[in-house]
Structures are given as C-alpha cells and as structure tokens.
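Q: have a look at this prediction, sequence included:
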Amino acid sequence: MRVELVLTAVVGLGALSIDMFLPSLPTIAAVFGAEAATAQLTVTLFLLAFAASQLVYGPLSDRVGRRWVLIGGLGLHSVAGLACALAPTIGVLIGARVLQALGGGAGPVARAVIRDLHSRERAARVFSYMGMAQALKRCPNPMPGAEAEIEIRQVFEIEDFGAELTPELREREERRRAQAARLPRTR
C-alpha cells in the first residue's frame with residue numbers, strides 16, 4: 001500500500017504545482033515588478049510544457065522503464081522548484097517553471113506503474129483511491145498561495161516537500177520582503 005500512496009502523490013504533482021501557485025500571481029507580478037501578462041506566462045508555459053512532456057514520458061517509460069523516468073522527472077521537478085524559489089528575475093522564474101513542468105509531466109507515468117503491478121480488479125480499486133485523493137487534495141492547495149503572509153518562494157518550498165531556507169536564502173528573502181513592503185498593495 002505504501003507504493004500506492006507514493007504514486008498517488010506523484011500523479012498529483014502537476015495539479016499541486018498549479019493549484020498552490022495560481023493565487024499568488026498578483027504577488028509575483030508585484031515582487032518582480034512585472035506586468036500581469038508576464039507573470040501569467042509562468043502558468044501558460046507551465047501548462048504547455050507539462051502537456052508536451054507527457055507525450056515524451058509515456059513512450060520513454062515504455063522503452064527504458066517506469067522507475068527511472070519517474071525518478072528523473074521528480075528530480076527535475078524538485079531542482080526546478082528550488083530554482084523557482086531562488087529566481088532573481090521574472091525571466092528566470094518563467095524558465096524554472098517550464099523545467100518544473102517538464103519534470104512534473106512524469107507524474108502520470110505512475111498510473112502505468114499501477115497497471116503493471118496489479119491485477120485488473122486491484123488496479124481499479126487503487127485508481128479509485130487515487131481519484132478520491134486527488135479530489136480531496138485540491139481542497140486545501142490554494143490556501144498557501146493565497147495567504148498574504150506567505151511569500152511566493154515559500155510556495156515553491158512547500159511544493160518541494162518542505163525545502164529549508166539556508167541563512168543566505170533567509171537574508172535574501174528578508175531583502176525581498178522589505179522591497180515588497182514598499183510596493184503598493186493591489187487588494
């Protein structure tokens with residue numbers, strides 16, 4: 001059952017990456033001093049890259065195996081999430097979001113793993129649990145991104161399963177907060 005829980009989390013990676021990120025778009029625009037349309041590219045290009053990567057990961061996992069495709073995708077997603085958290089400009093953030101999507105696109109390969117591991121009846125049961133978990137998981141997702149007190153970089157840290165801030169990053173974040181505090185509020 002532990003494998004099924006891990007695979008359920010992996011399948012939901014793309015949705016998590018969007019649901020937590022979307023409410024913070026106005027903050028992103030303000031922090032980076034970018035126009036709203038530029039900040040929205042982080043979502044548009046994420047979705048395009050996520051969809052395109054699934055077209056590659058499916059056949060690739062059939063050829064080289066599911067495990068390494070999932071591990072590589074999760075690794076890329078995590079590293080790109082850290083790059084998002086450290087992005088100094090909106091351009092770097094957009095690029096890191098595209099890389100994050102390319103990694104997250106490996107998530108649906110987890111469904112194929114379930115089909116490979118289980119009989120038809122057991123796989124149907126696991127898929128129903130996955131669907132239920134995905135539906136329930138979406139309920140609290142936007143909350144961290146929508147909270148005014150949570151900086152955009154912390155959303156990426158939460159997404160990457162609690163990446164900790166180093167002292168250098170903490171100082172950088174404090175400078176960003178001071179800069180953001182001087183910006184006019186859009187609410």
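A: Structure's in. What do you need? Computed from a prediction, not measured in an experiment: that's the story for all the values here.

Q: show residues contacting the helix or strand where Leu7 lies.
A: Applying DSSP states H and E as the criterion places Leu7 in helix 2-11. Under the criterion Cβ atoms under 8 Å, 6 or more residues apart in numbering, residues 70, 74, 106-108, 110-111, 113-114, 117, 126, 129-130, 133-134 lie in contact with helix 2-11. C-beta here means a position set from N, CA and C on the backbone, and glycine is covered the same way.

Q: now the residues you listed: which count as buried?
A: Those of those that meet the buried threshold are Leu70, Leu74, Ala106, Gly107, Pro108, Ala110, Arg111, Val113, Ile114, Val126, Met130, Ala133, by 16 or more other Cβ atoms under 10 Å.

Q: Throw those into JSON lines and include pLDDT, thanks.
A: Converted to JSON lines, the buried ones among the contacts of helix 2-11 look like this (pLDDT from 0 to 100):
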{"residue": "Leu70", "pLDDT": "89"}
{"residue": "Leu74", "pLDDT": "90"}
{"residue": "Ala106", "pLDDT": "89"}
{"residue": "Gly107", "pLDDT": "84"}
{"residue": "Pro108", "pLDDT": "84"}
{"residue": "Ala110", "pLDDT": "83"}
{"residue": "Arg111", "pLDDT": "82"}
{"residue": "Val113", "pLDDT": "86"}
{"residue": "Ile114", "pLDDT": "85"}
{"residue": "Val126", "pLDDT": "83"}
{"residue": "Met130", "pLDDT": "79"}
{"residue": "Ala133", "pLDDT": "74"}
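
Q: could you identify the most distant pair in these?
A: Maximum pairwise distance in the buried ones among the contacts of helix 2-11, criterion Cβ to Cβ, is 19.4 Å, between Leu74 and Val126.

Q: check contacts around the residue nearest to Glu35 when sequence neighbours are not counted.
A: Distance criterion Cβ to Cβ, 6 or more residues apart in numbering; nearest residue to Glu35, sequence neighbours excluded, is Ala29 at 6.7 Å. Neighbouring residues of Ala29 by Cβ under 8 Å, 6+ apart: Glu35, Ala36, Thr38, Ala39.

Q: and what of Ala106?
A: Residues in contact with Ala106 (Cβ under 8 Å, 6+ apart) are Val10, Ser53, Tyr57, Ser61, Val69, Leu70, Gly72, Gly73, Leu74, Leu76, His77.

Q: ok, now with 10 Å
A: With contacts defined as Cβ atoms under 10 Å, 6 or more residues apart in numbering, Ala106 is in contact with 10, 13-14, 53-54, 56-58, 60-61, 66, 68-77.

Q: buried members of those residues into PyMOL, please.
A: Below is the selection syntax for PyMOL that covers the buried ones among the contacts of Ala106, with 16+ other Cβ under 10 Å defining burial:
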select buried, resi 10+13+14+53+54+57+58+60+61+66+69+70+73+74+76+77
